[in-house]
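1. Got a sequence here, can you model it:
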Amino acid sequence: MLRSLARPALMFVLVAASVAPAAPDGHENGSDRFEFCLIGDTPYGAGANSSGDEEKFQRLLDDVNADNKIAFVLHTGDIKTGSSLDTNALIESRFALYQKFNAPFIYTPGDNEWTDAHRQKEGWYNPIERLDFVRKTFYPNPGWSTGAHPMKVATQASDPGFSLYVENQMWVRSGVVFACIHVVGSNDSLDRWTLVGHPDTDKQPTVTPEQQAEFDGRRAANLAWIDKAFALADQIHAKGVFLFTQADMAFEAAKGSALRAVFDPILDKLFAKTVAFGKPVMFAHGDSHYFRVDMPALDAAPTPHTIENFTRVENFGELNVHWVKITVDPNSRNVFLAEPVLVPGNSFTH
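-> Numbers count the residues shown, from 1 in each chain. Below you'll find the model as predicted:
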């Protein structure tokens, strides 16, 4: 399969979080319609748990590469199942696989490749050490995507006080701001980690200080990154904002409930910024393994109601090895259009 090497100009920002974003050199003033690919939770299996995932993913990869209109590929995390060993070799092999995408590849980490690594079935790893390895592997050149034809992006690691968070990236195309935010499942990493040497049912009685410190630092970074994305959108009069995470943050659950409580500060920020922005916002995530596009009720108090300029899209995942094509048309009323692309040969009957 052949793809043109030409890429439209991209806008990028590398500015301090404490100041308003400024239009950088190479500001991309275009308004062209374009398309990109959204995937996640794939390949999900590994080794004995693969169930043919590698073959299915190869068909997906070929299908995406055959579409020469795809501007970039976004992966919402979970590069493996939570029931397989979380080895260096597996993480490195997944990274190498994703480099076969012709388009720029941008990824946000999932819980299965780091925070869940404390489980016996994943190898009793220290999640902090696994996260460090994921960062070193998947972000080899901070400020650039990966993939066969990398593109320039902003990284939060360039912002004072947030040097760890190379995975939080941001860019602008056709007047639309894109940003990935490192929010994961497993209660955003606060599910209690297994005490090494004991069965998974024997958990630490409380969250460890190391675990809490990681969460606190990443939560502060994520909230600051959302602020920065919308500040940039306001500053450049963006036509829309597209954000993505790994975690399904339980939009449908009641605010303060067990499913949603840990995510409420993120959702509250997202709700307030979306309403203030007043133009289309699309939020993508993985985690639950089925495709959907809807308008969930962000405002949970006093009465949940739809936020008219907010749309959620979830990618396929696990057994459903397909992709989502998102069309961005800055001159249209809704800006974003998401549609499923079913990969020939990847149905349950194959």
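2. Point out where the stretch 251-350 of the chain drops to low pLDDT.
-> When the per-residue scores of the stretch 251-350 of the chain are filtered using pLDDT under 70, the ranges that remain are 298-304, 348-350.
3. where exactly do the strands run in the stretch 201-350 of the chain?
-> Read by DSSP state E, counting those that start in this stretch, the stretch 201-350 of the chain holds these strands, from start to end of the chain: 240-244, 281-285, 292-294, 297-299, 305-306, 310-314, 323-328, 336-341.
4. And the stretch 1-150 of the chain, by the same measure?
-> Defined through DSSP E, counting those that start in this stretch, the strands belonging to the stretch 1-150 of the chain, from first to last, are 34-39, 70-75, 105-107.
5. out of the ones you listed, deepest packed?
-> For these, the stretch with the most neighbours on average is strand 105-107, a mean of 25; neighbours defined as mean count of other CB atoms under 10 Å. (Glycine included, C-beta is placed from N, CA and C.)
6. mind putting the strands of the stretch 1-150 of the chain in CSV, mean pLDDT included?
-> Rendered in CSV, the data for the strands of the stretch 1-150 of the chain read as follows (pLDDT from 0 to 100):
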stretch, mean pLDDT
strand 34-39, 98
strand 70-75, 98
strand 105-107, 98
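7. Now do the same for the nearest residue to T206 once chain neighbours are set aside: helix, strand or coil?
-> In space, not counting the residues next to it along the chain, T206 is nearest to R192; the distance is 7.3 Å by CB to CB, 6 or more residues apart in numbering. In terms of secondary structure, R192 is coil; the call rests on DSSP: H, G, I helix; E, B strand; the rest coil.
8. Confirm for me that R192 is in contact with P127.
-> No: counting by CB atoms under 8 Å, R192 sits too far from P127 to count as a contact (11.4 Å).
9. Same drill for those two, tell me which one is more crowded.
-> Set side by side, R192 and P127 show more neighbours around P127, with 24 against 15, by other CB atoms under 10 Å.
10. Please name the nearest non-neighbouring residue to that one.
-> Taking CB to CB, 6+ apart, and ignoring the residues beside it in sequence, P127 has T115 as its nearest neighbour in space, at 4.8 Å.
11. how many other residues sit next to the one you found?
-> Burial of T115 is recorded as 27 neighbouring residues (other CB under 10 Å).
12. can you pull out the helices in the chain?
-> Counting by DSSP state H, the chain forms helices over residues 53-65, 88-98, 127-138, 185-188, 209-235, 264-277, given from the N-terminal end onward.
13. Which one of those lies nearest to F310?
-> Taking CB to CB as the criterion, F310 comes closest to helix 264-277 out of the helices of the chain, the separation being 5.0 Å.
14. I'd like to know which elements the closest one is packed against.
-> In terms of contact count using 3 or more CB pairs under 8 Å, 6 or more residues apart in numbering; DSSP states H and E, helix 264-277 is assigned the packing partners helix 209-235, strand 240-244, strand 297-299.
15. need the ones you listed in TSV with distance to L259, can you?
-> Formatted as TSV, those follow (distance: least, CB to CB, whole Å):
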stretch	distance to L259
helix 209-235	17
strand 240-244	20
strand 297-299	14
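16. contacting residues around the residue nearest to H322 when sequence neighbours are not counted?
-> Nearest-residue entry for H322: F316, 4.4 Å, with adjacent residues in sequence omitted and distances by CB to CB, 6+ apart. For F316, the contact set (CB atoms under 8 Å, 6 or more residues apart in numbering) comprises I39, G40, D41, T42, H289, Y290, F291, H322, W323, V324, P340.
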